[in-house]
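Trainee: Following is a predicted model, sequence given first.
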Amino acid sequence: MRRLIALLLLPAAFAACGERDDPASSGSAPRTERLDLVLDYFPNADHAGIYAAIDSGAFEEAQLDVRPQAPPDPSAPLKLLASGRSDLAISYEPEVLLARDKGLKVVAIGALVQTPLTSIISLGDKPVRRAEDLDGKTVGTAGIPYQDAYLKAILENAGVAEYAVKKVNVGFNLTSSMLSGRVDATLGSFWNYEGVDLERRRRKPEILRVEELGVPTYNELVVVAREEDARKRGAFLRRFLLGLSKGHQTLREDPEAGIKPLLDANRDLEPGLQRAVVEATLPVFFPEDEKRPFGWMDTGEWQAYGRWMVENDLLEGREDPARALTTEFLPGEGPRPDTR
């Protein structure tokens, strides 16, 4: 799930990626509306583009008053969204699929982080440099079912028997359990956050990304809306994503444009770490294919990941995972047939 496990806690660019005029950029935009956005956890470097959009005036230009808020706990964002207590939420692709499997009427409308961030991280004299090195090791996890399934898939792909690895649920204490020597490696920390933090502390972490070890790729962080709003408030969602796109373009051109307002929003953050994390994360805020708009989500990848969750008994598999997302509100994209 992310560092929250370990820490607990384009005007021109837009025009280049779109193929048609976007209503959100026209002079007929509605009056300024408040938009409550519940984050996946406390404000941090993963949200720098959001704060760049606020501080630069990109959301104001889209006639939105965007107000980010931290949830009371990591499991709350989609529940708050579904209950109507926020307009949008930041969450994770697997969490969206799990929520829909339980009947919550939510849908991903854009990817904030394109690739998995979840990793296996190890320290010490005998680090885990490849999955086969997990044989005989003690691995700390946060006890999240789909991440436990990641470990199972990784071991199977590497030809390592499950019984040859001792799994320990360390909760949110992933980094400290490594530093104390309680575990040899952890699965659940983020390469862009804990990994960067450990590198800055000169602990020489060995980092293996789960999508390179047998886990299907997925969008780590996504923007989520209620299905009802996706049907009835398309212009509202489109304006948000347009502003968010411009905010990330501003961040790419000048990281300080997002870091400064982020630090103002969360004074508990260590500035040097946040700058380093933003620098590491910038590439995965944007699709690899530059012809795709900011926030792009690949339907085939969602289907493959959803099938994997079904095969690992994480989902009932009662619906096509493609119904959990829509790209019609992304900058330059037009309406798509409603498959929900």
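Mentor: Thanks, I have it.

Trainee: Dihedrals phi and psi, the most centrally placed residue in the chain?
Mentor: Central residue of the chain (C-alpha atoms, centre = their mean): Leu221, 1.5 Å from the mean position. Backbone torsions for Leu221, taken as degrees, to the nearest 10, come to phi -120, psi 140.

Trainee: Likewise for the one 5 residues further on?
Mentor: Dihedral angles phi and psi of Arg226 (degrees, to the nearest 10) take the values phi -80, psi 150.

Trainee: give the contact list for it.
Mentor: 81-82, 84, 105-107 (C-beta atoms under 8 Å, 6 or more residues apart in numbering). Quick note: C-beta positions are derived from backbone N, CA and C, even for glycine.

Trainee: Pull out the buried residues from those.
Mentor: 81-82, 106-107 (16 or more other C-beta atoms under 10 Å).

Trainee: in this protein, which spans are helices?
Mentor: 3-7, 11-17, 48-56, 58-61, 77-82, 93-101, 145-158, 174-179, 194-200, 227-232, 234-253, 256-265, 271-281, 299-311 (DSSP state H).

Trainee: what about the longest one, distance to the chain center?
Mentor: Spelled out, it's helix 234-253. 16 Å (C-alpha atoms, centre = their mean, to the nearest Å).

Trainee: Would you indicate which residues of it are buried?
Mentor: In helix 234-253, counting by 16+ other C-beta under 10 Å, buried: 234, 236-252.

Trainee: for the third one, same thing?
Mentor: Neighbour-count burial for helix 48-56, with 16+ other C-beta under 10 Å as criterion, is recorded at 48-56.

Trainee: do the same with stretch 160-176
Mentor: 160, 165, 167, 170, 172-175.

Trainee: same deal with stretch 144-154?
Mentor: Buried residues in stretch 144-154 (16+ other C-beta under 10 Å): 144, 146-151, 153-154.

Trainee: Tell me the one of the residues you listed nearest Glu319?
Mentor: Comparing these against Glu319 with C-beta to C-beta places Tyr146 closest, at 17.4 Å.

Trainee: Report the contact partners of the closest one.
Mentor: 94, 98, 309, 312, 314.

Trainee: okay, now the first one: neighbour count?
Mentor: Here the count is done by other C-beta atoms under 10 Å, and Pro94 has 26 residues near it.

Trainee: surely it meets Tyr218?
Mentor: Yes: using C-beta atoms under 8 Å, Pro94 is in contact with Tyr218, at 6.7 Å.

Trainee: ok so, going back, now the two most distant members of the buried residues of stretch 160-176.
Mentor: Val160 and Phe172 (26.0 Å).

Trainee: where does Gly332 land on pLDDT?
Mentor: Gly332 carries a pLDDT value of 88.

Trainee: Ok, Lys126 next?
Mentor: 89.

Trainee: so who does it touch?
Mentor: 133, 184.

Trainee: how much space is there between it and Gly136?
Mentor: According to C-beta to C-beta, to the nearest Å, Lys126 stands 10 Å off from Gly136.

Trainee: cool, and Asp289?
Mentor: For Asp289 relative to Gly136 (C-beta to C-beta), the value is 41 Å.

Trainee: ok, now how distant is Ala225 from Arg252?
Mentor: 25 Å.

Trainee: Repeat that for Glu95.
Mentor: According to C-beta to C-beta, Glu95 stands 27 Å off from Arg252.

Trainee: Can you lay out the buried ones among the contacts of Arg226 as CSV showing pLDDT and distance to Arg34?
Mentor: What follows is the buried ones among the contacts of Arg226, written out as CSV (pLDDT from 0 to 100; distance: C-beta to C-beta, whole Å):
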residue, pLDDT, distance to Arg34
Leu81, 98, 15
Ala82, 97, 19
Val106, 98, 20
Val107, 98, 21
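
Trainee: Name the nearest of those relative to Trp302.
Mentor: Distances from Trp302 to the buried ones among the contacts of Arg226, taken by C-beta to C-beta, are shortest for Val107, at 11.3 Å.

Trainee: Assess the claim that that closest one and Val223 are in contact.
Mentor: No: Val107 is beyond contact range of Val223, at 10.0 Å (criterion: C-beta under 8 Å).

Trainee: Relative to Arg318, which of the helices of the chain is closest?
Mentor: It is, among the helices of the chain and with distance given as C-beta to C-beta, helix 93-101, at 7.1 Å.

Trainee: hang on, the earlier thing: state the pair within the contacts of Tyr146 that is farthest apart.
Mentor: Among the contacts of Tyr146, Leu98 and Asn312 lie farthest apart (C-beta to C-beta), at 12.1 Å.

Trainee: Next, format the contacts of Arg226 as CSV and append distance to Glu319.
Mentor: What follows is the contacts of Arg226, written out as CSV (distance: C-beta to C-beta, whole Å):
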residue, distance to Glu319
Leu81, 19
Ala82, 17
Gly84, 23
Lys105, 12
Val106, 13
Val107, 12
